[in-house]
Structure formats: structure tokens, C-alpha cells
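Colleague: pasting a predicted model and its sequence here:
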Amino acid sequence: MAYFPPETKKAITASFDKVVREGKEYCHEGFLRRADGKVLRIKATGKPRYTGKKVTQVFGALEDITEQYRLLETEYNYAAYLTAILDNLNDVVVTIDTSGTIITANKTMSTIFGYEPDEIMGQDVSILMPDPYAKYHSEFLNHYLETGRAKIIGVGRELPGLHKSGRVFPIELSLSEVVQEGQRQFIGIVKDITERKKAMEEIYKTAYFDDLTELPNMRSFEIDLARVLNQASSQFNALDIYCCLIDMDNFTQYNLSFGKHVGDKILATIGQRINAAIDGDLKVYRGIGDNFLILSTAPVDGENRENESIINTLEWEIHKAIVTPIAVDDLIHSVTAAISSCRLEASKASYEKVNGVLSFGKKRAKKQGPGSVLTIDNAAFEDYNRYNTITHSFQRALQNNEFYLMLQPQFNASNEVIGSEALIRWEHPELGMISPVEFIPVAEESDAIIDIGNWVINEACRLLHDCEQLGKHTRIAVNISGRHIVRADFAETITQLIEKWGLAPDTLMLEITETTLVSSIDLVRERMDKLGELGFFFSIDDFGTGYSSLSYLKELPISELKIDRYFVDEINFHDDEVPIVNSIIDLAHALSVSSVAEGIENEFQKEYLRQRGCEYFQGYFYSRPLPEKAWRDFIMNSSLSKVDLD
Ligand code: C2E
Ligand code: CA
Ligand code: CA
């Protein structure tokens, strides 16, 4: 008894007395201090043993229940611990049985659904769902119990939830199945995703929509287009992609004149109008800057002609919607746009191709003038492919020497050669001969024109150098693109080239078109002044087509006006006078520069020009453009060896 602490000792002593006197069994839990000082939890039992009617012996056991207690205690703590976790979760955790009755719910139930856990337990779980989910819930549950098939088990799923107040809100539900004491149960974890949804929508809006017009943006267009292409390519029958690009005419100018806020309002209005004009599978997007795009978000039946006319009508309707005057701040604005569309066989299309075709179509539409509507049909698609091939072959052509020069001599009134114009030729390995009329404008869309221009200058210098070596001094006129001459390094490059070949600047005549002159007059003038000081000569090509004004022509270092072939063509046997030709020649005289006529094809034209005072002559009547060797022979045998200008 000395090993029991007082409490236990007291209880056991009392019970022991009872066994002895009354024969009553006992079972006590208490403590025991071992000899080594460790305290154990014990269970002490006692039973009587009789001799006759008298208790003569008591037997019993002392059981060490320390470990058992420890386990029990942790189990209790663990359950409490879990409950605490569950109650503090931001998610609702709810258990239901196979009939759909809620067995447990954590405290979060009240913050998310508005029900206290006690209130909800025993209710059918469909109380937490709006219709039609609530209506079909028991069916779903039964179906699952019968078949074991359910879409919802194991995965998080977005669903609507129903608050006690009747408010419907978005939730994410994950379900798992457990077996508890032989009973199937379902544990549902419910997240309130109202905030997340809001944030996602916000992000989605900024990422996929344009602020100004509230239309889907370029990124949406890219995604939708990729999807349609994908969809179309997985079908067997011929399907088309329909796409349309609407590019405002002169909008930069518009913004500059009226201010950005007016421009913005106009764009927003046009966006709305286009949106109102389309329906069905068609969708409108705000493109980059002043662009809109329309896409058929479903592939179009390639065989169906009826679609075609619907689409055609649509494009004219959009055209009408755009040109209808727009009022902004008491001012009425009238704008136009180039509308170019394409219908491509989906199997031949790609994202790049669609974009390429659209911008190709846009360029063509712009060339037709403001407010043009244009459709890229199959023939135009071939043009586009050719254009695309050309765009991508310039660098290779330069490396593989696919370009060469032809030279067309120019003459004075005494039929003496005074110089030659260098004209580039391209023998393309796949496309054959390509006219500069076709490829130069394409090269001018990129810096390819710079490389080509420098190549031409170098070739011309090489030819002049060869002639000098043979004792012949002559001059070559080279065509310089506007994009080339405005380059900051143009003067330096051309100077380096002539120095490399040991030539003087006056052996080159730089032909720039009048259109180049008027398009960026300030920059071009600056470059021309500098080059003029360095000793280069300028000829204004295609004169009469570009509306240049006399006042600035006077200030430029020009030595020649070139009468365009188009005007020379006007000189024929039936008409007596061609006023424009006369005035160009007079203008040249007034500016004290020389005049040269190109495209002379007969004696009559030559005589007319000579009599009106034109000084130099070029054209098939004198000589066709000659290949290098024929040209050199021609020049070497010509009488005039010194260029005499001014
Ligand atoms: P351009 O500078 O006005 O060249 C005159 C064009 O008229 C040349 O066509 C020439 O071959 C052609 N021509 C000459 N005489 C006659 C004639 O009597 N009758 C007719 N019908 N045509 C004649 P080409 O060589 O096809 O060049 C066309 C245009 O391509 C040139 O017009 C020029 O703008 C551009 N180009 C040609 N070579 C170059 C170049 O090296 N660099 C640049 N930037 N452009 C070039
Ligand atoms: Ca020319
Ligand atoms: Ca010309």
C-alpha cells in the first residue's frame, strides 16, 4: 500500500474493506509510484473468495494501463485538433451519407452558406444548391451509387452554390468517398470562389479585350483563329477560313488634326457599328491601332456559294456603317476605311498566311484609293504567294548574283551618247524574269531596297571604272529609292563606293522620282543638299506626276528634269500639241536645268521634243536597254567621250 499515492490508497483501502466485509468486487483506476519513482496509471481489481459464507481471501490484479491511457488521450486530442483545423479552414467541409443527408459540417458553413453547423446537420445537401442542380442531385447520387461512375469524384469542379439568403454564388467543389464504420460517405470540400472569379474576369478582360472599344483584342483574334484553323483541319470536306481586315484611311492624319480623343471616339463608334452589323458565327476584334478584324469563328463551307454573297453584302454594309458621318463634340466627321477580306482553303492556311494575305489585301485596297472594298479570291491568293516568294528571296538573290544591270544609253540632239540609265533585272530561279516594276515596290517595303540600291550603285561604279580603264569617260544614271536616300548613312555609303572605284561624283546621276521628293520633302532636301555639295547630280524622274511646287524645286540642287514616258506616249501623229510636255521643258529652262525625255519610240516623238527644246533623249527609238558587254562595246565606239552638262 506504500506505493499508492494518497488518493488511490484511500480508495483502494475502502474498497478492500468492502470486499472483506460485504463480499463486493471492485475495480479502480488510479496511480502507482514505482520503486524507481516513475508514476504509472493502474487498474486495480479485487474479488472475494469464500470459505463457507465467509470471505477468507481476496484476490485481484494490478494492471499497468499507462500506455492505454496515453493512446486514448492522444486520440481525443487528435479529434479535437482536427475539429479545430476544420473549423478554421476557409473552406466548407461537409460529410453526407448515401441518401444525401448532411452528417457533419464545419463552422465555415455559416460564413459561406449562412447556416450554423447544427442547423444544417440532418438536412438534405441539395439545400445548398440552386436549381436545376438541387432538382437532379438525388438522381446523380443514385446513378453514382448504382454505377460507380461520376464526373465529380476526385476533381475540383466549378458550380453555383446557394446561400441561405437565396443568393447564388460560384463555388468550387471537390468530393471524395470514404467508408466510415462500414458506411459509405462523401466528404465535400467547398471553396467560395467569388473573389477569384472576379479577379480572373478582370485579368481576362485586360488580357483579351480592348479598353477603348470593349471589343476582343488581337490576342483573342489569334486564339480564335488558331482554334478555327484547328477545327477546320480536322474535317474531311473542303472548309474555308473567312477573315476580314478593316483599316482606317489616313487615321494618323486624323488624330493629328483633331486630337487623339476625337480619334478614339470615332474608333469606338465604328467598333460598335461593325459589331451591330455582324451576327451568327462572325466576331469582330480591335486590331492594332486603327484596325478592326472580323473572323468567322466557325469554318465556312467551301462549296456553299450562298455564303459568299452573304459575306459580300456584309462587307458593303460595314463600308456603309463606316462612311456614315460620326458626330463628336458638335463636329461631323466622315471617315473611310480599306476593307479587305479573304476566304482561304483551311488546309492551305496558317496563322502567318492569314495575316500575310490580309495585309497584302490591305495594301492593294489602299492602292485603289480611300474606302475600297476588296476580296482576296483564288487568283489574288496566287498573287499573294508570288509576292511572298519575292519578299523572301531578296537576300538570297543578292548572294547568288541573280540581279544584273541593263544599260540604256541617252543621247543629245546630235545623236551623241551623253550617258546611260542603269536598269536592274532579276532572273529568279523559280519565277523567271521579274520586272523591276513588280519587285522594286516590294523591296521598298523593307530594308531590302537599301541592299539592292547599294548593289546597283556598286555595279554602276564597276562598269564606269572598266570604261575609265579603257580610256572612256561616261556617266550612268541610277534610280535611287526614297527609302534609300533618306537614310542617314546614304551620303557616306555612296561616297565610299565611288572612292573604292576611283571615280568622281559627277560620273553618277542620281534619279529620284518626283513622288519621293514630295512625300518627305524636308529630309530629302537635307540629303540632296549634302550630296549636291559633295558633287553629285540629281535628275527628277517621272516628272509631272508628283505635283511638286516650283518654289522648292528652285531651292534644290537639281540638274535635270526627266519627262515621264507616259507623257512622251501622248505625243503621236494625230495630236499637234502636248501641253504638259511643253510646260515641263519650259520649266526646265526656267530653272536652268536640262530636260531629258524617256520612252521615245519614234522619230516623230523625238522631233517634237527636240523642236520644243528638250535636250536629251532616251528610248527604244535610240536603243533598248543593253546587257553589260553590248553596252560597253556601244559606249567605246560612241563619239562623245566627255559628259557635258549645264
Ligand atoms: P524608270 O526609271 O522610269 O525607267 C524607265 C523604264 O522605261 C525602264 O523600264 C525602261 O526599260 C523603259 N523604257 C526605256 N525606253 C523605253 C521605250 O522606248 N518604250 C518603253 N515602252 N519603255 C521604255 P524598266 O527597266 O522595266 O524599269 C521600270 C522601273 O523600275 C523604272 O522606271 C524604275 O522606276 C524602276 N527601276 C529599274 N531599275 C531600278 C533600280 O536599279 N533601282 C530602283 N530603285 N528602281 C529601278
Ligand atoms: Ca529612272
Ligand atoms: Ca521614269
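Modeller: Here it is on my side, so go on. Residues are numbered from 1 along each chain as shown. Ligands and ions are numbered 1, 2, ... in the order given.
Colleague: separation between the residue nearest to Glu438 when sequence neighbours are not counted and ligand 2?
Modeller: Distance criterion Cβ to Cβ, 6 or more residues apart in numbering; nearest residue to Glu438, sequence neighbours excluded, is Ile390 at 7.3 Å. The C-beta positions use only the backbone N, C-alpha and C, and glycine is treated the same way. Relative to ligand 2, Ile390 is positioned 21 Å away (Cβ to the ion, to the nearest Å).
Colleague: can you confirm Ile390 is in a helix?
Modeller: Yes. Ile390: assigned to a helix according to DSSP: H, G, I helix; E, B strand; the rest coil.
Colleague: burial count for Glu9?
Modeller: Heads up, residue 9 is Lys, not Glu. 16 (other Cβ atoms under 10 Å).
Colleague: bridged to Phe169, which residues?
Modeller: Applying DSSP bridges to Phe169 gives these bridge partners: Gly161.
Colleague: distance check, it against Ile193.
Modeller: Per Cβ to Cβ, to the nearest Å, Phe169 is found 8 Å from Ile193.
Colleague: can you check Thr493 too?
Modeller: Thr493 sits 63 Å away from Ile193, taking Cβ to Cβ as the criterion.
Colleague: between the two, which has more neighbouring residues?
Modeller: Comparing Thr493 with Ile193 by neighbour count (other Cβ under 10 Å), the higher total belongs to Ile193, at 18 against 15.
Colleague: for the more buried one, give its distance to Ile112.
Modeller: In terms of Cβ to Cβ, Ile193 sits 11 Å off from Ile112.
Colleague: need the overlap of contacts for these two.
Modeller: Ile171 (Cβ atoms under 8 Å, 6 or more residues apart in numbering).
Colleague: so how many other residues sit close to the residue of the stretch 101-250 of the chain found nearest ligand 2?
Modeller: Going by Cβ to the ion, ligand 2 is nearest to Asn250 of the stretch 101-250 of the chain, at 28.8 Å. Residues within reach of Asn250, counting by other Cβ under 10 Å, total 15.
Colleague: which SSE is the residue nearest to Gly263 when sequence neighbours are not counted in?
Modeller: Of all residues not flanking Gly263 in the chain, Asn255 sits nearest, at 4.0 Å (Cβ to Cβ, 6+ apart). Following DSSP states H and E, one finds Asn255 within helix 251-258.
Colleague: could you report the neighbour count for Val524?
Modeller: 18.
Colleague: got the phi and psi for it?
Modeller: phi -60, psi -40 (degrees, to the nearest 10).
Colleague: am I right that it is in contact with Val486?
Modeller: Yes. Val524 lies in contact with Val486 (Cβ atoms under 8 Å); the separation is 6.3 Å.
Colleague: tell me the phi and psi of Phe543?
Modeller: The phi and psi torsions at Phe543 (degrees, to the nearest 10) take the values phi -70, psi 140.
Colleague: report the beta-bridge partners for it.
Modeller: Ile563.
Colleague: what about this protein, any weak spots by pLDDT?
Modeller: For the chain, applying pLDDT under 70 flags the ranges 149-155, 302, 304-308, 548, 575, 639-646.
Colleague: domain map for this structure?
Modeller: With domains defined by automatic domain parsing, the chain comprises 6-70, 89-196, 211-390, 402-635.
Colleague: mind checking which of those domains is nearest Asn77?
Modeller: When the domains of the chain are compared by Cβ to Cβ, domain 6-70 sits nearest Asn77, at 10.6 Å.
Colleague: ok now that closest one, how far from the chain's centre?
Modeller: In terms of Cα atoms, centre = their mean, to the nearest Å, the centre of domain 6-70 is found 87 Å from the chain centre.
Colleague: and stretch 229-238, by the same measure?
Modeller: 23 Å.
Colleague: go on, stretch 263-278?
Modeller: On Cα atoms, centre = their mean, the centre of stretch 263-278 falls 21 Å from the chain's centre.
Colleague: now do the buried residues in that stretch.
Modeller: The neighbour-count check on stretch 263-278 (16 or more other Cβ atoms under 10 Å) flags 263, 265-271, 273-275, 277-278 as buried.
Colleague: just put those residues in CSV and tack on distance to Tyr3.
Modeller: Formatted as CSV, the buried residues of stretch 263-278 follow (distance: Cβ to Cβ, whole Å):
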residue, distance to Tyr3
Gly263, 99
Lys265, 97
Ile266, 100
Leu267, 96
Ala268, 94
Thr269, 98
Ile270, 99
Gly271, 93
Arg273, 99
Ile274, 97
Asn275, 93
Ala277, 100
Ile278, 96
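Colleague: the residues you listed into JSON lines, with extra columns for distance to Gly535 and secondary structure?
Modeller: Shown next, in JSON lines, are the buried residues of stretch 263-278 (distance: Cβ to Cβ, whole Å; DSSP: H, G, I helix; E, B strand; the rest coil):
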{"residue": "Gly263", "distance to Gly535": "46", "secondary structure": "helix"}
{"residue": "Lys265", "distance to Gly535": "53", "secondary structure": "helix"}
{"residue": "Ile266", "distance to Gly535": "50", "secondary structure": "helix"}
{"residue": "Leu267", "distance to Gly535": "50", "secondary structure": "helix"}
{"residue": "Ala268", "distance to Gly535": "55", "secondary structure": "helix"}
{"residue": "Thr269", "distance to Gly535": "56", "secondary structure": "helix"}
{"residue": "Ile270", "distance to Gly535": "53", "secondary structure": "helix"}
{"residue": "Gly271", "distance to Gly535": "55", "secondary structure": "helix"}
{"residue": "Arg273", "distance to Gly535": "58", "secondary structure": "helix"}
{"residue": "Ile274", "distance to Gly535": "56", "secondary structure": "helix"}
{"residue": "Asn275", "distance to Gly535": "60", "secondary structure": "helix"}
{"residue": "Ala277", "distance to Gly535": "60", "secondary structure": "helix"}
{"residue": "Ile278", "distance to Gly535": "61", "secondary structure": "coil"}
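Colleague: which residues touch the helix or strand where Leu82 lies?
Modeller: Using DSSP H and E, the element containing Leu82 is helix 66-88. By Cβ under 8 Å, 6+ apart, the list of residues contacting helix 66-88 from outside reads Leu40, Arg41, Ile42, Val93, Asn106, Lys107, Thr108.
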